[in-house]
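[1] Give me a model of this one.
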Amino acid sequence: MTKSVPLFYFGNIAYWHELIELEKLCFTTKFPIPKKTYANRTVILMANGLQTLTVPILGGRGSKIPMDKIEISYLENWIAKHKMALQSAYAKSPYYEHYMPYFEPIWAAKPQSLMQLNLNMFKVLSRVLKLNIEIVEEETMNLSEDQFIPNIYCQTLVSYPQVFRYKFPFHPDLSILDLIFCMGPNAMSYLKS
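    Residues are numbered from 1 along each chain as shown. Below is the predicted model:
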């Protein structure tokens, strides 16, 4: 099965659930990202509640710049902030120390474009989840803005043990990182269920 989808910064669980059965994924670099997109942000659960991690971009969102031309801003040290937030949220999770090193080289390389960052993260996450998906870039592809805004609170998800489960009720459909750090090698079984 083949599907055309945008590439997100990590992506949420509903996004990855949609991808697990694919043999081929098509993405475009020529589509501008709309406002309120998950192309440059992801949501995690911290001790004080939900936290959005955002990759700052030059020129702002919704400026009709194709995704491959959107440059990442490194004026502030957002990478350190994201790493600190992930450590604070997931250091006590069973698989944080095992999987966090997979993402370090991508941040360390400081990709210039948002597309390169997202593509690199997608490839690493595909490897972590043991997905065998062919990734193909298409010059012209029709995407709707709805495809960039997946349902962040997909109520149909079955609960799994989250780090702050004693403090908060189950938060469905967080970043795929929540599932990977909490479930480890069982993340794929969860996505299939």
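[2] which ones are touching the closest residue to residue 94 other than its chain neighbours?
    Spatial nearest neighbour of residue 94, excluding adjacent residues (C-beta to C-beta, 6 or more residues apart in numbering): residue 184 at 6.1 Å. Where you see a C-beta, it was placed from the backbone N, CA and C, and this is true even at glycine. Residue 184 sits next to 94-95, 98-99 when contact means C-beta atoms under 8 Å, 6 or more residues apart in numbering.
[3] Can you flag the buried ones in those residues?
    Neighbour counting with 16 or more other C-beta atoms under 10 Å marks 95, 99 as buried within the contacts of residue 184.
[4] Can you tell me which of the contacts of residue 184 is closest to residue 137?
    Comparing these against residue 137 with C-beta to C-beta places residue 99 closest, at 26.6 Å.
[5] Hmm, that closest one is touching residue 180, no?
    Yes - when contacts are counted by C-beta atoms under 8 Å, residue 99 is listed as touching residue 180 (5.4 Å).
[6] For this protein, which segments count as helices?
    Here the chain has its helices, by DSSP state H, at 13-19, 78-90, 96-109, 114-128, 176-183, 187-192.
[7] what's the offset of the shortest one from the middle of its chain?
    A distance of 16 Å separates the centroid of the chain from that of helix 187-192, by C-alpha atoms, centre = their mean, to the nearest Å.
[8] and if you look at stretch 67-86?
    The chain centroid and the centroid of stretch 67-86 are separated by 14 Å, computed with C-alpha atoms, centre = their mean.
[9] So which bits of that stretch are buried?
    Buried residues in stretch 67-86 (16+ other C-beta under 10 Å): 67, 70, 72, 78-79, 82-83, 86.
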